[in-house]
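Chemist: Quick one, structure for this:
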Amino acid sequence: MEAGLVVPHTRVALKWQPCSGSALPLAQCHAVTYSVPSAYSSPDIAITLYVEKFKTGSGKNNLHVIYLGGGPGSAANTNYSIVEKILGELPPGTTLYLPDHRGLGKSTPLDRLNRSDWQGSMREIIAQAPFPLEHMTLTNSALDVGVLAGLITNETKEAKVALLGVSYGAHLAYHSAALLPNIFESILLFGTPNVRKFAEAHTDAGLIQNCAADSHCSKMMDGRAESIRDDLQKILNPDLNECTKIFYKDWERPIKPEIAVYGVLLRLTDLLWGTSSIPETNTLHSSQLAFAFIRVTAQCKSPETYQDKVLTPLSPYFQTFESAVLSEGGNTRHDFSRLVNSLILLDKMFDFKVGQPPALPKTTTGLVPTSISVSHYWRDFDVLKDVIAKMEKSKSVLLKSNKTKVFMVHGEVDLNTIIGPAQKLYNETESSKRFLRYRNRGHTGLSGPCRPHILREAFLNSDPALTDRCLADQNARPLDWTFSDTPFVEIWGVTSWTTFHASPTFMILVLTATVLFFAALVALLRARKKIESA
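Modeler: A predicted model of the protein is given here:
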């Protein structure tokens, strides 16, 4: 499919009905069914796109926003809470559309058995899928978005159709706008993945620079924040020191040395990418905890406190290490959403040679566990290799438009979709554009405090100065590398002194006690001098 794609003409009427089971009021639903042209799929395939429609107030507003959630691998109903907030921040009458991605939810789901837990044999699902799985591609998903946009335009005449994409949804939104130039008024992208496969030498640069600029973190790293990469390499050796021995002993099963990188990065994945169990704020990101963990494990200055002060607080946030992931035996039970993830990622990111599974990493050059993305499909390769062989991979297309405005929002400490490739994509995009940065946020820009200003600027042409002032205020607040007022305040504590030095409250107590001690000592000396004089 080439740039300038013409969306298949359809005269389907959008007959909206109240959504059954929706958690939000005012929701209306419609299932759009259309035949996929032979250029993109077999001519006898009918694709159903299930869409939920939300509108607040009775105001006359011609703004129509299609929200494309992340994953892929999550149905529309997982986005209800953020949709409700967005609608409250846009003017009355705004219409927001929430489609289920192709193959998920009610949009021609791949699993016809409709298992309530979305689990089952991958081979069974592939055999019974409603369309050949080689058509589960990024470009075909972009076609679905184009069909919906065309239907909205036909229904509302003067509609301004915009896209809001998050993570994978940002990639899909960009691809849709690039394939269908000048259809969308604007696209707003949060946490855009590496769409153009730009090489990035230092994928963890944002986090390391943040540490280097902080006096406490820089001190903990002996003035060389970048040495955290060397520390990570060191702890791949279970026999490095007493702390690594404790760390590896804590695992539910031994790990083979040849896949130590995979094992360690997998355990730290949730922390590095931003675990939802630790709410991200403007002063804390969970990747900081992984940073501190790697340092103190490599240094191991206080092995006697390592278990209590380091492992115990962090253990609830380590990725669990299932034996099936590392075993070489067969295991045909899989999470269904992971199948959709696999197909889209195989299409958009990885050029696997059929007959040769993706290689497990032997080393790493930084903290970003991008190699884990490849390794997740190591176990699935034998099942999916026939599908891969038939795939017509989606081509990377650069957005060039005289109409579509592009807004990209990215966190500088985002280790999930790193900022470097997003900035390069932005630089090559030929359209009216804005790149907005959160200095201290990761992959959660959509939940950032400046969202209302960003939404209004992207969709309503509000004053950019309001957005800039909000971001400047947020970016002026540094991350707290001491972890004060958190349960993790002692993780840096490689010695008893360093442990408490990290706590401002303790330092105040120490200072107060010191002042009182010297005051008492001076009083005692004066009293003694008087006695001697007498």
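Chemist: In the stretch 1-150 of the chain, where is pLDDT below threshold?
Modeler: Residues of the stretch 1-150 of the chain that meet the criterion pLDDT under 70 lie in 1-15, 20-45, 73-74, 111-121.
Chemist: can you map out the helices along it?
Modeler: 80-89, 122-128, 138-156 (DSSP state H, counting those that start in this stretch).
Chemist: quick one, which of those is nearest to A465?
Modeler: helix 80-89 (18.1 Å; Cβ to Cβ). The way it works is simple: take the backbone N, C-alpha and C, and place the C-beta from them, glycine included.
Chemist: quick one: contacts of the closest one?
Modeler: 22-24, 54, 56, 65, 67, 94, 96, 98, 164, 446-447, 451-452, 455-456 (Cβ atoms under 8 Å, 6 or more residues apart in numbering).
Chemist: From the residues you listed, list the buried ones, please.
Modeler: 22, 54, 56, 65, 67, 94, 96, 98, 164, 446, 451-452, 455-456 (16 or more other Cβ atoms under 10 Å).
Chemist: Ok, which of the helices of the stretch 1-150 of the chain comes nearest Y306?
Modeler: helix 80-89 (38.4 Å).
Chemist: what's D463 in contact with, if anything?
Modeler: D463 makes contact with E457, according to Cβ under 8 Å, 6+ apart.
Chemist: Would you list the phi and psi of it?
Modeler: Note on D463: its backbone torsions stand at phi -60, psi 120 [degrees, to the nearest 10].
Chemist: Report the separation between it and N475.
Modeler: Distance, D463 to N475, by Cβ to Cβ, to the nearest Å: 19 Å.
Chemist: Please report how far the residue nearest to T153 when sequence neighbours are not counted lies from S107.
Modeler: Nearest residue to T153, sequence neighbours excluded (Cβ to Cβ, 6 or more residues apart in numbering): A159, at 5.5 Å. The gap separating A159 from S107 is 22 Å, by Cβ to Cβ.
Chemist: Show me which of these two is the more surrounded one.
Modeler: S107 (22 against 17; other Cβ atoms under 10 Å).
Chemist: excluding its backbone neighbours, what's nearest that one?
Modeler: Computed as Cβ to Cβ, 6+ apart, the closest residue to S107 that is not its neighbour in sequence is D100, at 3.9 Å.
Chemist: Confirm for me that the one you found is in contact with N79.
Modeler: No - D100 sits out of contact with N79 when judged by Cβ atoms under 8 Å, with a separation of 10.4 Å.
Chemist: Compare neighbour counts for those two and give me the winner.
Modeler: D100 (23 against 20).
Chemist: quick one: contacts for the more buried one?
Modeler: 49-51, 75-76, 106-107.
Chemist: Take those and lay them out in JSON lines including distance to L367.
Modeler: Formatted as JSON lines, the contacts of D100 follow (distance: Cβ to Cβ, whole Å):
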{"residue": "L49", "distance to L367": "38"}
{"residue": "Y50", "distance to L367": "39"}
{"residue": "V51", "distance to L367": "39"}
{"residue": "A75", "distance to L367": "31"}
{"residue": "A76", "distance to L367": "33"}
{"residue": "K106", "distance to L367": "39"}
{"residue": "S107", "distance to L367": "36"}
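Chemist: quick revisit: go through the buried ones among the contacts of helix 80-89 and say which is closest to E226.
Modeler: Distances from E226 to those, taken by Cβ to Cβ, are shortest for L446, at 30.1 Å.
Chemist: The nearest residue to that closest one once chain neighbours are set aside: neighbouring residues, count only.
Modeler: Residue nearest to L446 in three dimensions, not counting chain neighbours: F190, with 4.5 Å by Cβ to Cβ, 6+ apart. Per other Cβ under 10 Å, the neighbour tally for F190 reads 29.
Chemist: ditto for L466
Modeler: For L466, the neighbour count with other Cβ under 10 Å is 15.
Chemist: and it, that one's in a helix?
Modeler: Yes - L466 forms part of a helix when assessed by DSSP: H, G, I helix; E, B strand; the rest coil.
Chemist: you'd agree the residue nearest to T153 is up against I66?
Modeler: No - contact between A159 and I66 fails when scored by Cβ under 8 Å: they sit 10.9 Å apart.
Chemist: picking up where we left off before, OK, contacts around the residue nearest to L446?
Modeler: 164-167, 170, 409-410, 445-446.
Chemist: redo that, cut-off 7 Å
Modeler: Neighbouring residues of F190 by Cβ atoms under 7 Å, 6 or more residues apart in numbering: 166, 170, 409, 445-446.
Chemist: Now the phi/psi pair for it, please.
Modeler: phi -110, psi 120.
Chemist: Enumerate the beta-bridge partners assigned to it.
Modeler: Taking DSSP bridges as the rule, F190 bridges to V166, V409.
Chemist: Can you get me a residue count around the nearest residue to W273 once chain neighbours are set aside?
Modeler: Residue nearest to W273 in three dimensions, not counting chain neighbours: N416, with 4.4 Å by Cβ to Cβ, 6+ apart. Each residue near N416 was counted by other Cβ under 10 Å, and the total is 21.
Chemist: I'd assumed H443 was in contact with N416.
Modeler: Yes - assessed by Cβ atoms under 7 Å, N416 is found in contact with H443 at 4.1 Å.
Chemist: what sits in contact with each of the two?
Modeler: Joint contacts of N416 and H443 (Cβ under 7 Å, 6+ apart) are 191, 273-274.
Chemist: Which of the residues you listed sits closest to P238?
Modeler: W273 (24.1 Å).
Chemist: State the distance from the closest one to D204.
Modeler: For W273, the distance to D204 - Cβ to Cβ - is 12 Å.
Chemist: what about those two, which has more around it?
Modeler: Shown here are W273 and D204; by other Cβ under 10 Å, D204 has more neighbours (23 against 20).
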